[in-house]
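**Q** Got a sequence here, can you build the structure:
(chains A, B, C and D)
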Number of protein chains: 2
Amino acid sequence: MLIRTPAELGAVLRDRRKKLKLDQSTFAKRIGVSRQWVIEVEHGHARAELGLILRALDALDIRLDAGTEQAPAREAARPAVDINAIVAKARKKKA
Amino acid sequence: MLIRTPAELGAVLRDRRKKLKLDQSTFAKRIGVSRQWVIEVEHGHARAELGLILRALDALDIRLDAGTEQAPAREAARPAVDINAIVAKARKKKA
DNA sequence: CGTGGATGTCATCGAGCGATGACATTTTAG
DNA sequence: CTAAAATGTCATCGCTCGATGACATCCACG
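**A** Residues are numbered from 1 along each chain as shown, chains lettered A, B, ... in the order given. Prediction:
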């Protein structure tokens, strides 16, 4: 599952928690946070702490993979010397 | 790359940022945070906000994938009644 | 040599997280 | 239906995040 937003992450956590038959209280204690935290995160709380999130994922055996995808996003996805970028930045006279 | 800790996440962000030839200031502005934030996150700041982290990843075209398969972890991956969990909760001693 | 860019450090400060505990609502089981 | 469990909501509070701006290094380059 691709994670793009806090809400998606929350959904993944909730589904996984339920599959493991854990209630919020048990889950919270297992990762060392309050039940309130679990509730908010499962609801997509955007400002949750990264460290706690990673602990939660680990507790549920969910692995996170960061891929520098190959999507033809914008540009500059290619390595190699990027003269343009350098010049552009140098030429940057800001607002 | 598997992400298990804030430090690993920070390393991924830094590497990717450099590959795209962006300096911290430009990167920070692009995702709407302070340069200080970029510095701390790249150094593995564990309490960074989830939402900002996701924005940073997106800005660098790094996709996050949450996978549940793969590890033949312990057990309990299967539904069915989980006596242990039930007992453990009932046994909650803690002060 | 010295100028400028990039990165890291420090201090300050307002804002919101996360903990806690009580209570409300929803769901599950008998 | 009824009781209990699970989940959601509220209010309070200490603590630290993240922003800002000033400096300090370090390094590439002319």
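
**Q** show me where pLDDT drops low in chain A?
**A** Residue ranges of chain A with pLDDT under 70: A:69-95.

**Q** Helices along that one, start to end?
**A** Taking DSSP state H, the helices of chain A run over residues A:6-19, A:24-31, A:35-42, A:50-59, A:83-91.

**Q** now the third one and helix A:24-31, what's the angle there?
**A** Helix A:35-42 and helix A:24-31 meet at an angle of 100 degrees, taking axes from the mean of the first three to the mean of the last three Cα atoms, to 10 degrees as the criterion.

**Q** Buried residues in helix A:35-42, which are they?
**A** Residues of helix A:35-42 classed as buried: A:Trp37, A:Val38, A:Glu40, A:Val41, A:Glu42 (neighbour count, 16 or more other Cβ atoms under 10 Å in any protein chain shown). (C-beta placed from N, C-alpha, C; glycine too.)

**Q** Just the CA trace of the top strand by length along chain A, in PDB.
**A** Counting residues, the longest strand in chain A under DSSP state E turns out to be strand A:63-67. Only the C-alpha atoms of strand A:63-67 are listed here, as PDB (Å, rounded to 0.1, in the frame of the first residue of the first chain):
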ATOM      1  CA  ARG A  63       7.600  -2.600   7.000                       C
ATOM      2  CA  LEU A  64       8.100   0.700   5.300                       C
ATOM      3  CA  ASP A  65       9.900   1.000   2.100                       C
ATOM      4  CA  ALA A  66      11.200   4.200   0.600                       C
ATOM      5  CA  GLY A  67      11.600   4.000  -3.100                       C
END
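
**Q** Does chain B have contacts with that strand?
**A** Yes - for strand A:63-67 and chain B, the contact criterion (Cβ under 8 Å from any Cβ of the partner chain) is met by A:Arg63, A:Leu64, A:Asp65, A:Ala66, A:Gly67.

**Q** show me the contacts for the closest residue to A:Arg55 other than its chain neighbours.
**A** Leaving aside its chain neighbours, A:Arg55 sits nearest to A:Ile31 (4.7 Å; criterion: Cβ to Cβ, 6 or more residues apart in numbering or on different chains). For A:Ile31, the contact set (Cβ atoms under 8 Å, 6 or more residues apart in numbering or on different chains) comprises A:Leu52, A:Arg55, A:Ala56, A:Asp58, A:Ala59.

**Q** switch the cut-off to 7 Å
**A** Applying Cβ atoms under 7 Å, 6 or more residues apart in numbering or on different chains, we find A:Ile31 in contact with A:Arg55, A:Ala56, A:Ala59.

**Q** Which residue does chain A have closest to DNA strand D?
**A** A:Asp23 (3.2 Å; Cβ to the nearest atom of the strand).
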